[in-house]
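Asker: sequence and predicted structure below; questions after.
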Amino acid sequence: MKKKILRLLLLLFGIAIVAAAYAAFALFGPNTAIGGEVKVTVPHGATYEQMKDSLRAHHVLRNEKTFDRTAQLMRFKTIRPGRYTIQPNSSNIELVRLLRRGQHYAVRFSFNNVRTIDQFVEKVGNRFFFTPEELAACLGDSAFIGRLGFDKHTLPALFIPNTYDLFYDITAEGFVERMHEFYQQFWTPQRKEQAEAIGLTPVEVATLASIVEEENHRPAEKAIIAGLYMNRLHKGMLLQADPTVKFALGDFARKRILNADLSVDSPYNTYKYKGLPPGPIRFPEGSTMDSVLHYTHHDYLYMCAKEDLSGYHNFTSSAAQHAANAARYRAALNRQNIKR
């Protein structure tokens with residue numbers, strides 16, 4: 001009788017050892033069927049089964065049952081979106097830890113020197129979980145951007161070049177809404193009062209600043225150029241800003257605007273239409289918008305690039321003097337054989 005009990009105990013012990021070994025292997029043994037690393041995307045709002053569908057699509061799991069059991073033991077319930085890199089020979093516990101941890105980490109994102117929404121989408125690229133296509137669709141949704149107070153013309157004013165920290169797993173909509181928060185932080189009550197004092201809205205300040213930047217990015221001239229265009233606005237004169245013609249033509253590389261170019265029929269052509277264009281012709285920096293808010297008061301009405309091609313300008317209040325300045329500049333372009 002004692003021998004039977006002993007054999008039974010030994011049998012149960014052996015079963016327990018095997019069960020423990022199986023459990024340990026299920027938790028810690030390799031359960032990926034892949035030969036190399038693969039990228040698995042788990043979309044926002046995915047259920048547990050939809051997350052497993054993403055794993056199945058890449059033939060990740062050798063044994064789904066052991067993965068499910070591990071997920072239950074580790075109380076893996078909250079599915080976090082992300083683009084996960086799965087390594088070969090990963091165990092169930094490693095997979096669950098990776099997927100449960102998610103990708104809610106900060107990404108430092110900087111941008112400047114952007115002219116169009118398309119360029120901005122390209123600049124953002126794949127830095128975040130959302131795709132460039134999702135961001136483009138979001139920015140092209142007139143109802144969505146309208147809720148933020150913008151339209152397709154004024155939208156560039158929303159994005160102020162700087163360095164921002166945002167979470168990787170943010171949605172495209174969340175990204176734009178976060179940028180709107182940064183926009184609101186820039187436009188403090190004091191800046192809004194300053195804009196009102198010079199007779200401009202925040203978007204109009206951004207629009208004028210974008211022209212100023214295209215004319216000259218150098219800090220020394222920004223406030224002077226802003227003051228010149230404010231003088232023209234106050235007098236009801238055409239702004240006659242060459243950068244707006246380049247924008248209307250879609251050709252930012254031009255070094256020379258020809259008379260034929262001035263006839264392009266576009267609301268951005270300030271040789272043809274009075275006042276500011278419908279929106280910014282680039283994403284202006286905060287410092288340039290401050291230069292507009294604190295523009296230099298003078299009597300200049302005309303500007304022309306200097307004939308030394310330094311990038312700086314000759315300013316004057318005299319049409320005759322401006323004509324002389326322009327003639328010297330054209331001669332300098334001719335000597336350099338710059339046609340366009």
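Answerer: Cool, the structure landed.
Asker: excluding chain neighbours, give the residue nearest to the residue positioned nearest the centre of the chain in space.
Answerer: In the chain, the residue lying closest to the centroid (Cα atoms, centre = their mean) is V124, at 4.4 Å. Spatial nearest neighbour of V124, excluding adjacent residues (Cβ to Cβ, 6 or more residues apart in numbering): L135 at 5.9 Å. Using the backbone N, CA and C atoms, a C-beta is placed for each residue, glycine as well.
Asker: from L333, how far off is the one you found?
Answerer: Going from L135 to L333 by Cβ to Cβ, to the nearest Å gives 39 Å.
Asker: neighbour count winner among those two?
Answerer: It is L135, of L135 and L333, that has more neighbours when counted by other Cβ atoms under 10 Å, with 22 against 16.
Asker: show me the contact partners of the helix or strand encompassing that one.
Answerer: Following DSSP states H and E, one finds L135 within helix 132-139. The contact list for helix 132-139 (Cβ atoms under 8 Å, 6 or more residues apart in numbering) reads 117-118, 120-122, 124-126, 144-145, 155, 171-173, 175-176.
Asker: V40: which of those is nearest?
Answerer: Within these, the smallest distance to V40 is 15.5 Å, found for N126 (Cβ to Cβ).
Asker: mind checking pLDDT for that closest one?
Answerer: Model confidence at N126, given as pLDDT, is 93.
Asker: quick check: pLDDT value at R69.
Answerer: The confidence metric pLDDT takes the value 93 at R69.
Asker: what does the one 3 residues further on give?
Answerer: Confidence at Q72, expressed as pLDDT, is 93.
Asker: so which strand or helix has it?
Answerer: helix 64-73.
Asker: just the buried residues of that helix, please?
Answerer: Applying a neighbour-count criterion of 16 or more other Cβ atoms under 10 Å, the buried positions in helix 64-73 are T66, F67, T70, A71.
Asker: report how many residues lie close to T85.
Answerer: Going by other Cβ under 10 Å, the residues that sit close to T85 add up to 10.
Asker: now do the SS call for it.
Answerer: strand (DSSP: H, G, I helix; E, B strand; the rest coil).
Asker: against Q50, how distant is it?
Answerer: From T85 across to Q50, the span is 19 Å (Cβ to Cβ).
Asker: neighbouring contacts of the helix holding Q72?
Answerer: Outside helix 64-73, the residues within contact range by Cβ under 8 Å, 6+ apart are A26, L27, N31, Y48, K52, L61, F76, N92, I93, L95, V96.
Asker: quick check, nearest of those residues to L200?
Answerer: For the contacts of helix 64-73, the nearest to L200 is Y48 (53.3 Å; Cβ to Cβ).
Asker: contacting residues around the closest one?
Answerer: A71, F76, K77, I79.
Asker: again, only using 10 Å
Answerer: Applying Cβ atoms under 10 Å, 6 or more residues apart in numbering, we find Y48 in contact with D68, A71, F76, K77, T78, I79, L99.
Asker: so where does the nearest residue to A157 once chain neighbours are set aside fall, helix or strand?
Answerer: Nearest residue to A157, sequence neighbours excluded (Cβ to Cβ, 6+ apart): A206, at 3.7 Å. For A206, the host element (DSSP H and E) is helix 202-215.
Asker: again, but for T163
Answerer: strand 162-167.
Asker: list of residues touching that strand?
Answerer: Contacts of strand 162-167 (Cβ under 10 Å, 6+ apart): 102-112, 127-129, 174-175, 178-179, 182, 186, 285-286.
Asker: change it to 7 Å
Answerer: With Cβ atoms under 7 Å, 6 or more residues apart in numbering as the test, strand 162-167 has contacts from H104, Y105, A106, V107, R108, F109, S110, F175, R178, F182, G286.
Asker: for the stretch 201-340 of the chain, what spans make up the helices?
Answerer: Applying DSSP state H, counting those that start in this stretch to the stretch 201-340 of the chain gives helices spanning 202-215, 219-235, 242-249, 286-293, 319-335.
Asker: could these be laid out in TSV, adding distance to N162 and mean pLDDT?
Answerer: Output for these, formatted as TSV (distance: least, Cβ to Cβ, whole Å; pLDDT from 0 to 100):
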stretch	distance to N162	mean pLDDT
helix 202-215	14	97
helix 219-235	17	97
helix 242-249	22	95
helix 286-293	7	98
helix 319-335	34	91
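Asker: of all those helices, which lies closest to R191?
Answerer: helix 286-293 (6.4 Å).
Asker: any buried residues in the closest one, and which?
Answerer: For helix 286-293, burial by neighbour count (16+ other Cβ under 10 Å) applies to T288, M289, D290, S291, V292, L293.
Asker: distance check, the nearest residue to the first one once chain neighbours are set aside against R83.
Answerer: Across the structure, with Cβ to Cβ, 6+ apart as the measure, the residue nearest T288 apart from its sequence neighbours is A209 (4.2 Å). Noted for A209: a distance of 37 Å to R83, by Cβ to Cβ.
Asker: what about G82, how many residues nearby?
Answerer: 21.
Asker: right, and N216 touches F315 too?
Answerer: No: using Cβ atoms under 7 Å, N216 makes no contact with F315, being 11.2 Å away.
Asker: with neighbour numbers in mind, choose between the two.
Answerer: Taking neighbours as other Cβ under 10 Å, N216 and F315 compare with F315 leading, 21 against 17.
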